[in-house]
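Peer 1: any chance you can model this:
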Amino acid sequence: MNQKGLSVKSVVAIGIGTAIYVILARFTSIPTGIPNTNIEIVYPFLALLATIYGPIVGFSVGFIGHALSDFLMYGQTWWSWVLATAILGLIIGLYSRKLDLEHGVFTGKQMFFFNLIQLIANLISYVVIAPIGDILIYSEPANKVFLQGVTATATDFIAILILGTILLKAYAATKVKKGSLHKD
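Peer 2: You can find the predicted model right below:
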């Protein structure tokens, strides 16, 4: 019987990734001065997982990890931001199909396009989805939530640009490069 669904590898990645997400969100958040908006070191990790394991793992770790970390840190979950983070993981995971990290390849051109995609994903997630969700679900003031969204987009983009790119380059360096093995 051939079943379609998540592989064991993906389920394990979601479980372990979610646990690490919660720990990173809890202990590596740096306040920006904008209410409830932090510089988050967890997003480069989410980008790494989404790139390695794909869009389902990226979406799942973003959704479950953000939901749990919100609940543990604030006593409530901000569903608009949870969905935004899940969409961020999904978009980055979808783009990962264009990369060839498994063969040790992460060129300057790939870095550029990865960071362009993650910028677009951040804009969609935190300038569109999160603020509009906050307005519709929680009746938050538009000027507050759009300021939070723009701040989150800028800080998350920079964190992924620097740390995410380093993590992906390091991951690619651990893989055997395509065509590097020769028969003697």
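Peer 1: would you mind measuring from the spatially most central residue of the chain to Gly65?
Peer 2: Note on the chain: the residue nearest the mean C-alpha position is Leu46, at 3.5 Å, using CA atoms, centre = their mean. Between Leu46 and Gly65 the distance is 7 Å, computed by CB to CB, to the nearest Å. C-betas here are computed from N, CA, C, even on glycine.
Peer 1: same thing with Ser139?
Peer 2: To Gly65, Ser139 is 26 Å away according to CB to CB.
Peer 1: okay, strands next: where are they in this protein?
Peer 2: Applying DSSP state E to the chain gives strands spanning 30-31, 38-39.
Peer 1: tell me the pLDDT at the residue nearest to the centre of the chain?
Peer 2: What the model reports for Leu46 is a pLDDT of 98.
Peer 1: and what of Gly179?
Peer 2: In this model, Gly179 carries a pLDDT of 64.
Peer 1: and the one 3 residues further on, by the same measure?
Peer 2: You'll see His182 listed with a pLDDT of 56.
Peer 1: then Leu116?
Peer 2: Confidence at Leu116, expressed as pLDDT, is 98.
Peer 1: check contacts around it.
Peer 2: With contact set as CB atoms under 8 Å, 6 or more residues apart in numbering, Leu116 has no partners.
Peer 1: got it, and the one 5 residues further on?
Peer 2: Ala121 makes contact with 87-88, 91-92 under the criterion CB under 8 Å, 6+ apart.
Peer 1: how far away is the closest residue in space to it that isn't next to it in sequence from Glu102?
Peer 2: With CB to CB, 6 or more residues apart in numbering as the criterion, Ala121 has its nearest non-adjacent residue at 3.8 Å, and that residue is Ile91. Using CB to CB, Ile91 is found at 20 Å from Glu102.
Peer 1: give me the more crowded residue out of the two.
Peer 2: Set Ile91 next to Glu102 and count neighbours by other CB atoms under 10 Å: Ile91 wins out with 21 against 12.
Peer 1: surely Leu123 meets Thr153?
Peer 2: Yes. Under the criterion of CB atoms under 8 Å, Leu123 is in contact with Thr153, at a separation of 5.8 Å.
Peer 1: isn't Asn38 up against Phe27?
Peer 2: No. Contact criterion CB under 8 Å: Asn38 and Phe27 do not qualify, at 11.6 Å.
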